[in-house]
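Peer 1: next come a sequence and a model predicted from it.
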Amino acid sequence: MKFELQNEDTESKARAGQITTDHGTIETPIFMPVGTAGTVKGIHQKELEEDIQAQIILGNTYHLFLRPGLDILEAAGGIHGFNHWKRPILTDSGGYQVYSLAHKRKISEEGVQFASHIDGSKHLFTPEKVMDIQRSIGADIMMAFDECTPYPCDYNYAKSSMEMTHRWLNRCIKRFDDTADRYGYSQSLFPIVQGSTYKDLRIQSAETIAAADREGNAIGGLSVGEPAEEMYAMCEVVCDILPKEKPRYLMGVGTPVNILENIALGVDMFDCVMPTRNGRNGMLFTKEGILNMRNEKWKNDHSPIDKAGDSYVDQLYSKAYLRHLLVSKEMLGAQIASLHNLAFYLWLVKEARVQIQKGTFTPWKNRMVKQLAQRL
């Protein structure tokens, strides 16, 4: 994997770059649609590639390990052969699932023992096993195994957890370096900065992660309930330490406003379930603001879903029709809303890149932040 830094904004820390992998190039800043179980919910691969023009998607180690299982993925030639996605794939290590399944897991220095949410079967994830699983899945970019702490989090717990994450990272790196790429293409490992919302811990973790000298770096443990101002403060501290010549990935973030503000701080890569999850529930993100498609006001509105939208569904279907589908719980409603939102997110980061290249990012961002936050 290679990263080329191409442009930097003069009024902020925003940057435009390009990541090159064996499955294609990724122009940054980039948003990565979440395909937890090997699929972006409700979206065909053809739509992802041709209409939304996604450049990379996510899979999840925890979910893919449990179902369909590694034997099936390996028989298919890895995740790319299984889901027929030809472009890059990043896999989350399962650390966030460990965090979210608190009642079903036990953390120790060895790793995490957990009960499957599917059938209750017991499993142990160690840093070494997580590397092996991601090798088998066949991700282009693999994430180190970490613990994602909750918010609020006691300082001593955050410190202890961070230190264990660093020790786990050393084990991840050793296992990664001792094993070979799978399926005939190269795989990369990103470590993850932790430390909750404590500045001194974030600094310590960012320095440790930077010293690991891998091909890219991630920032975890944010967007877990903390105020946006704290997220931005921690992200700024970390981005000032992580090397400029490597991509920075802010995990699980976020709203369109969150994305723009963090691009301004120097983040290159984002992912979030929000465009698809919120879309299924009737929330649409547009260039003018946020629409709740379940509202009565759209019941007899036969104008396009979004006349300025970047997906074919925006002009093809009306607000009234989409509202009808969503209220009637028709599957097509969730598909249309998800497709629109993903197209909007991909437009947003693409336009941010254009503005960075033109040298007009900061005034554009300041204007867009006000527009995107309003509810229509």
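Peer 2: Okay, I see it. Numbering: from 1, shown residues only.

Peer 1: what residues are up against residue 34?
Peer 2: 40, 57-58, 271-273, 276 (CB atoms under 8 Å, 6 or more residues apart in numbering). Where you see a C-beta, it was placed from the backbone N, CA and C, and this is true even at glycine.

Peer 1: for the stretch 1-150 of the chain, what spans make up the helices?
Peer 2: 45-46, 61-66, 70-75, 79-83, 95-100, 127-137 (DSSP state H, counting those that start in this stretch).

Peer 1: redo those as CSV? Include distance to residue 30 and mean pLDDT.
Peer 2: Shown next, in CSV, are the helices of the stretch 1-150 of the chain (distance: least, CB to CB, whole Å; pLDDT from 0 to 100):
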stretch, distance to residue 30, mean pLDDT
helix 45-46, 18, 95
helix 61-66, 21, 96
helix 70-75, 25, 98
helix 79-83, 18, 98
helix 95-100, 20, 73
helix 127-137, 20, 98
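
Peer 1: could those helices be laid out in a markdown table, adding mean neighbour count?
Peer 2: Below are the helices of the stretch 1-150 of the chain laid out as a markdown table (neighbours: other CB atoms under 10 Å):
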| stretch | mean neighbour count |
| --- | --- |
| helix 45-46 | 13 |
| helix 61-66 | 22 |
| helix 70-75 | 14 |
| helix 79-83 | 19 |
| helix 95-100 | 21 |
| helix 127-137 | 23 |
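
Peer 1: tabulate those helices (CSV), appending distance to residue 171.
Peer 2: Output for these, formatted as CSV (distance: least, CB to CB, whole Å):
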stretch, distance to residue 171
helix 45-46, 35
helix 61-66, 16
helix 70-75, 20
helix 79-83, 24
helix 95-100, 14
helix 127-137, 4
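
Peer 1: please name whichever of these is nearest to residue 170.
Peer 2: Evaluated over the helices of the stretch 1-150 of the chain, closeness to residue 170 peaks at helix 127-137, with 8.3 Å, by CB to CB.

Peer 1: which residues are contacting the closest one?
Peer 2: 59, 61, 64-65, 70, 73-74, 78-79, 91, 93-94, 111, 142-145, 168-169, 171-172, 175-176, 179, 181-182, 187, 189.

Peer 1: now intersect these with the strands, please.
Peer 2: Of the contacts of helix 127-137, the ones assigned to strands by DSSP state E are 59, 91, 142-143, 189.

Peer 1: just among those residues, which is most surrounded?
Peer 2: Within these, most neighbours by other CB atoms under 10 Å means residue 143, with 29 neighbours.

Peer 1: so where do the helices sit in the stretch 201-350 of the chain?
Peer 2: Counting by DSSP H, counting those that start in this stretch, the stretch 201-350 of the chain has helices at residues 228-239, 256-263, 274-280, 312-316, 319-327, 331-358.

Peer 1: this completes my enquiry, with thanks.
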